[in-house]
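A.B. asks: Starting from these lines, generate the structure:
(2 chains)
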Amino acid sequence: DAGVTQSPTHLIKTRGQQVTLRCSPKSGHDTVSWYQQALGQGPQFIFQYYEEEERQRGNFPDRFSGHQFPNYSSELNVNALLLGDSALYLCASRVWRGRNIQYFGAGTRLSVL
Amino acid sequence: AQTVTQSQPEMSVQEAETVTLSCTYDTSESDYYLFWYKQPPSRQMILVIRQEAYKQQNATENRFSVNFQKAAKSFSLKISDSQLGDAAMYFCAYRSANTGNQFYFGTGTSLTVIP
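C.D. replies: Prediction:
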């Protein structure tokens, strides 16, 4: 049973560019959340998708957007990259109506130069 | 917004000994969940243990147990018989049972296990 998978594992971009990160949830899960983890910090909630809709959003600017596909996989898009966007981006999945156990992927390390 | 505080940035323990990691949280809600996640150098966050606020009994998972003090808003993790593989960052997390699915994380405690 595959867990939560994310791609790519590492990414280097320059300021002003746009980036897309991808996530496939654990088998049987229908809800995907994205988190940003800056160096030395805990993960910060970006947003959550269920039934292809954004259900909840954290305190992140509109430069951060997402999408969920019919197969429950998800993308995180960040436009106009800033140096401060450098972080580990974690995807997590769970069952919307099930027990509240959330499983995480290994993350994408984004470096903005 | 809810806040989760981990006041110990770093902790160390001798192999086979016991260590306790601290966590406090701030909330006005009565129904919520608390979690401890482990993040090894591989970066993958792994669920260690989970506590439901309405349950008075402290959760246990093998060598891991919690001391949940609801009135004090305290949720500490005890690791018994520490093993080298326990070395990692440990994050305390809170999730409301009523007002959405957002998880709030603390800043983490880096645990070193000394052979």
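
A.B. asks: can I assume residue B:12 is in contact with residue B:109?
C.D. replies: No - Residue B:12 is not in contact with residue B:109 according to CB atoms under 8 Å; the separation is 10.6 Å. From N, CA and C alone the C-beta is placed, and that goes for glycine too.

A.B. asks: quick one: which of those two has more around it?
C.D. replies: Using other CB atoms under 10 Å in any protein chain shown as the criterion, residue B:12 and residue B:109 rank with residue B:109 on top: 22 against 13.

A.B. asks: Got the phi and psi for that one?
C.D. replies: phi -130, psi 120 (degrees, to the nearest 10).

A.B. asks: Next, work out how far apart it and residue B:80 are.
C.D. replies: From residue B:109 across to residue B:80, the span is 17 Å (CB to CB, to the nearest Å).

A.B. asks: same thing with residue B:32?
C.D. replies: The gap separating residue B:32 from residue B:80 is 26 Å, by CB to CB.

A.B. asks: So these two - more neighbours on which side?
C.D. replies: When residue B:32 and residue B:80 are compared for neighbours, residue B:32 comes out ahead with 21 against 14, by other CB under 10 Å.

A.B. asks: from what I can see the more buried one touches residue B:54, true?
C.D. replies: No - the pair residue B:32 and residue B:54 does not pass the contact test of CB under 8 Å, sitting 9.0 Å apart.

A.B. asks: Any part of stretch A:6-17 near chain B?
C.D. replies: No - residues of stretch A:6-17 are not located near chain B by CB under 8 Å from any CB of the partner chain, the shortest gap being 9.0 Å.

A.B. asks: Grab the nearest non-local neighbour of the spatially most central residue of chain A.
C.D. replies: Most central in chain A under CA atoms, centre = their mean is residue A:34, positioned 3.2 Å from the mean C-alpha point. Nearest-residue entry for residue A:34: residue A:46, 4.3 Å, with adjacent residues in sequence omitted and distances by CB to CB, 6 or more residues apart in numbering or on different chains.

A.B. asks: Checking that neighbour next. Helix, strand or coil?
C.D. replies: With DSSP: H, G, I helix; E, B strand; the rest coil as the basis, the three-state label of residue A:46 is strand.

A.B. asks: go on, residue A:109?
C.D. replies: strand.

A.B. asks: Near chain A, which residues of chain B are found?
C.D. replies: Counting by CB under 8 Å from any CB, chain B sits next to chain A at B:4, B:33, B:37, B:42-47, B:50, B:91, B:93, B:95, B:97, B:100-108.
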